[in-house]
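> I'll drop the sequence and a predicted model, then ask my questions.
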Amino acid sequence: MPELVFFCGTMDCGKSTLALQIEHNRSARGLQGMIFSRDDRAGEGKLSSRLGLVTDAVEVGDGQDLYGYLVDHLSQGGRADYVIADEAQFLAPEQIDQLARVVDDLSLDVYAFGITTDFRSKLFPGSQRLVELADRVEVLQVEALCWCGARATHNARTIGGVMVVEGAQVVVGDVTHSPDEVGYEVLCRRHHRRRMTAATSRAAALSPDVLPMTSA
Ligand SMILES: Nc1ncnc2c1ncn2[C@@H]1O[C@H](COP(=O)(O)OP(=O)(O)O)[C@@H](O)[C@H]1O
Ligand SMILES: Cc1cn([C@H]2C[C@H](O)[C@@H](COP(=O)(O)O)O2)c(=O)[nH]c1=O
């Protein structure tokens, strides 16, 4: 039976790498995938992984009908044996419904990849719909780690390493810490709740308040 599968996790846990591996293994057996992506860091119409692999993808636009796109593609003689949708958190709930229809009415497997929650630990609407509709939700097994060594379960947005909690839900970025730019850091829940990033924990450790008293 074809399935809608949601592969999810934090940022930087290997979702796009897995998407590219699924694509590689199927295309090595002569199958052809339809690859959708949206707002990949590598640019428009790309699906990229931090391991350096990248492939072309159909850039999904606002309001684009993904079911209609596949029906047009197939009726014009195009081929699609399965569907991959990366950065699926950025898709609208209606587009997730369309992907579910691709599974049910076109009998194609759909593999969707995305982060579940945003920098405020709120569900992205696309991810929420995926959790509601998917036949299977798979949490990636390669654990991203918090600076404390615990499994990272949350995504923090940072400026210069300091966690921010205000701002637009969607800001494309990477797990980097340049002083003025928006970046991201994965944290365990405890440190996300306390807004403690690697940089602020280092600063706290160096603070005179916590240095041992010297006898003068
Ligand atoms: N230099 C590296 N050497 C080995 N593995 C790396 C390296 N850089 C990144 N990775 C792996 O790639 C993962 C990120 O993969 P990616 O597919 O880009 O993640 P996601 O799509 O979930 O954000 C990291 O968690 C790490 O396991
Ligand atoms: C937490 C969070 C992330 N984003 C953006 C940042 C990246 O461009 C993508 C996630 O990509 P990845 O391949 O999983 O690393 O999402 C965002 O827009 N808003 C957020 O709250």
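Cool, got the structure. Ligands and ions are numbered 1, 2, ... in the order given.

> residues from the protein in reach of ligand 2?
By the rule CB under 6 Å from any ligand atom, the part of the chain lying against ligand 2 is 11-12, 15-16, 41, 115, 118-119, 155, 157, 169-173, 184. Glycine gets a C-beta too; all of them are placed from N, C-alpha and C.

> repeat that with 8 Å
For the chain, the contact set with ligand 2 under CB under 8 Å from any ligand atom comprises 9-13, 15-16, 39-41, 50, 86-87, 89-90, 114-115, 117-120, 124, 155-157, 168-175, 184.

> buried sites along stretch 79-96?
By 16 or more other CB atoms under 10 Å, the buried positions in stretch 79-96 come out as 80, 82-93, 95-96.

> among these, which are in helices?
In this view, those that belong to helices under DSSP state H are 93, 95-96.

> dump those residues to CSV, plus pLDDT.
Supplementary listing: those in CSV, determined by pLDDT from 0 to 100:
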residue, pLDDT
Pro93, 98
Gln95, 98
Ile96, 98
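
> Met163 is in contact with Thr197, isn't it?
Yes. With contact defined as CB atoms under 8 Å, Met163 counts as touching Thr197 (5.3 Å).

> with the ones in helices among the buried residues of stretch 79-96 in mind, which one is nearest to Asp72?
The shortest approach to Asp72 among these belongs to Gln95, at 15.4 Å (CB to CB).

> distance from stretch 149-163 to the middle of the chain?
When C-alpha coordinates are averaged (CA atoms, centre = their mean, to the nearest Å), stretch 149-163 and its chain have centres 15 Å apart.

> what's the end-to-end length of it?
18 Å (CA to CA, to the nearest Å).

> re the thing from before, buried subset of the residues of the chain next to ligand 2?
Looks like the residues of the chain next to ligand 2 have 9-13, 15-16, 39-40, 86-87, 89-90, 114-115, 117-119, 124, 155-157, 175, 184 buried, using 16+ other CB under 10 Å.

> ranges for the helices of this structure?
15-27, 66-75, 93-106, 125-133, 189-193, 198-206.

> of all those, which lies closest to ligand 1?
Nearest of the helices of the chain to ligand 1, taken as CB to the nearest ligand atom: helix 15-27 at 3.4 Å.

> can you pull the buried residues of that closest one?
If you call a residue buried by 16+ other CB under 10 Å, then helix 15-27 has these buried ones: 15-20, 22-23, 26.

> could you dump stretch 42-61 to CSV, C-alpha only?
C-alpha atoms of stretch 42-61 as CSV (Å, rounded to 0.1, in the frame of the first residue of the first chain):
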residue,chain,number,x,y,z
ALA,A,42,21.1,26.2,-1.3
GLY,A,43,18.6,28.3,-3.3
GLU,A,44,15.4,28.0,-5.3
GLY,A,45,14.7,24.6,-6.9
LYS,A,46,17.2,22.7,-4.8
LEU,A,47,17.2,20.0,-2.1
SER,A,48,20.6,20.1,-0.3
SER,A,49,22.2,18.4,2.7
ARG,A,50,25.0,19.7,4.9
LEU,A,51,27.0,16.6,3.8
GLY,A,52,27.4,18.4,0.5
LEU,A,53,25.0,16.5,-1.7
VAL,A,54,22.4,18.5,-3.7
THR,A,55,19.8,17.7,-6.3
ASP,A,56,17.3,19.7,-8.4
ALA,A,57,13.8,20.0,-7.1
VAL,A,58,10.5,21.6,-8.0
GLU,A,59,10.3,24.8,-5.9
VAL,A,60,6.8,24.9,-4.4
GLY,A,61,5.1,28.2,-4.6
